[in-house]
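S.K.: this one's sequence-less:
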Ligand code: PEP
Ligand code: MN
């Protein structure tokens, strides 16, 4: 249930409602907006209904939350703006997350991180643990990769986004990651989602290859339910009958998700096309459609990349790409999110 407080409600009245919700075993999730305070009551609906909160002092109305994802629902609160090491994600901020598909060497990571930093990137990405279709392919540098990411953060100050595939690697990943990435293949690994939820670390969830938006939102719900409010959703292309490119980027998902949820929604323009020539167009489309950011693969010499070489942008042309991206984001009323002054 959602309890909408009156604009004139006092803090004492808000607290009294919270206490009554919790007295029946439900959990209260207050969201203090500019105009009114909303209090989500998550728990047994019958119990909450029996509290008779309609008549309580300061309460405007009590409405049911009809969606199966309660905490992720846009009914729950106004659009969330997350803050990752001083960089804002969501609202009017457009985040540029860039970096190589995978961490390969110190030289590769440091060159890429410097280029992303110089081009005004918001966060740096790079996988130390890689989900590969073939068990014979390079699986990532693991802990050595994490150490190199830490070095990149140390030098450039860019917060790090890196993938966690296995809860057994949580501890070392947490030492380095400012944002934990849950990959498309793990979007429905509920034990892993709950674990990152409990860690409290901001989490970027990529849409599964064949997942519906409702399934993506339910994945977010697993993280939110553990008390971790810092979740970012990512559209990265889905499986369709089309074979001319790797995946079909579902741009419709951006405004649709923004209607359904308060969580920031970003786009990965790299994995859907699978080739570099199409990445700028999809990046601009995402920005103009109102995405809260993009996560794009860039590499100092993609021809030599161990993984996803054909789709990675050269770090060389990054300035011009970012300038165009800023224009596209401006169409949707957003500005590039940069380092705190
Ligand atoms: C990646 O970001 O490198 C990646 C493997 O992404 P996805 O899980 O979307 O395939
Ligand atoms: Mn990749």
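M.R.: Noted; the coordinates are in hand. These numbers come from a predicted model, not from an experiment. Residues are numbered from 1 along each chain as shown. Ligands and ions are numbered 1, 2, ... in the order given.

S.K.: What separation do you get for residue 288 and residue 80?
M.R.: When Cβ to Cβ, to the nearest Å is applied, the distance between residue 288 and residue 80 equals 22 Å. Placement of C-beta: from N, CA and C, glycine included.

S.K.: So for these two, which sits in the more crowded spot?
M.R.: With other Cβ atoms under 10 Å as the criterion, residue 288 and residue 80 differ in neighbour count, and residue 80 comes out ahead with 21 against 18.

S.K.: who's in contact with that one?
M.R.: Residues counted as contacts of residue 80 (Cβ atoms under 8 Å, 6 or more residues apart in numbering) are 90, 229, 262, 263, 264.

S.K.: wait, which of those is closest to ligand 2?
M.R.: Distance from ligand 2 was checked for each of the contacts of residue 80 by Cβ to the ion. The minimum falls on residue 264, at 20.9 Å.

S.K.: Do you know the pLDDT at the residue in the stretch 1-150 of the chain that ligand 2 sits nearest to?
M.R.: Closest residue of the stretch 1-150 of the chain to ligand 2, Cβ to the ion: residue 101 (3.3 Å). The predicted local distance difference test score for residue 101 is 98.

S.K.: List the contacts of it.
M.R.: 126, 127, 130, 270, 297, 299, 305, 307, 308, 311, 312.

S.K.: I'd like the distance between it and residue 274.
M.R.: To residue 274, residue 101 is 11 Å away according to Cβ to Cβ.

S.K.: Distance check, residue 261 against residue 271.
M.R.: When Cβ to Cβ is applied, the distance between residue 261 and residue 271 equals 22 Å.

S.K.: ugh, typo on my part, it should be residue 283
M.R.: The value you get for residue 283 to residue 271, if Cβ to Cβ is used, is 12 Å.

S.K.: just residue 333 next, same as before
M.R.: Taking Cβ to Cβ as the measure, residue 333 and residue 271 are separated by 27 Å.

S.K.: Neighbour count for the two, which is higher?
M.R.: Remark: of residue 333 and residue 271, residue 271 carries more neighbours, 24 against 9, as counted by other Cβ under 10 Å.

S.K.: Can you list the residue ranges for helices in the chain?
M.R.: 11-23, 45-50, 106-118, 143-156, 170-176, 190-199, 213-225, 253-260, 279-288, 318-331 (DSSP state H).

S.K.: tell me the contacts of the nearest residue in space to residue 292 that is not next to it in sequence?
M.R.: With sequence-adjacent residues excluded and distances taken as Cβ to Cβ, 6 or more residues apart in numbering, residue 292 is closest to residue 264, at 4.0 Å. With contact taken as Cβ under 8 Å, 6+ apart, residue 264 is in contact with 79, 80, 81, 82, 89, 90, 95, 232, 233, 292, 293.

S.K.: out of those residues, who has the most neighbours?
M.R.: residue 292 (33 neighbours).

S.K.: I'd say it and residue 96 touch.
M.R.: No. Taking contact to mean Cβ atoms under 8 Å, the distance of 10.9 Å between residue 292 and residue 96 leaves them out of contact.

S.K.: Look at the nearest residue to residue 240 once chain neighbours are set aside and say how many residues are nearby.
M.R.: Of all residues not flanking residue 240 in the chain, residue 248 sits nearest, at 4.2 Å (Cβ to Cβ, 6+ apart). Residues near residue 248, counting by other Cβ under 10 Å, number 15.

S.K.: Quickly list what residue 248 is bridged to.
M.R.: Beta-bridge partners for residue 248, by DSSP bridges, are residue 238.

S.K.: if I look at it, how far off is ligand 1?
M.R.: In this structure, residue 248 and ligand 1 are 13 Å apart, going by Cβ to the nearest ligand atom, to the nearest Å.

S.K.: First-to-last residue distance for stretch 183-193?
M.R.: End-to-end distance of stretch 183-193 (Cα to Cα, to the nearest Å): 11 Å.

S.K.: Any buried residues in that stretch, and which?
M.R.: Within stretch 183-193, the residues that qualify as buried are 183, 184, 186, 187, 188, 189, 192, 193, counting by 16 or more other Cβ atoms under 10 Å.

S.K.: So which of the contacts of residue 101 reach ligand 2?
M.R.: Restricting the contacts of residue 101 to those near ligand 2 by Cβ under 5 Å from the ion leaves residue 308.
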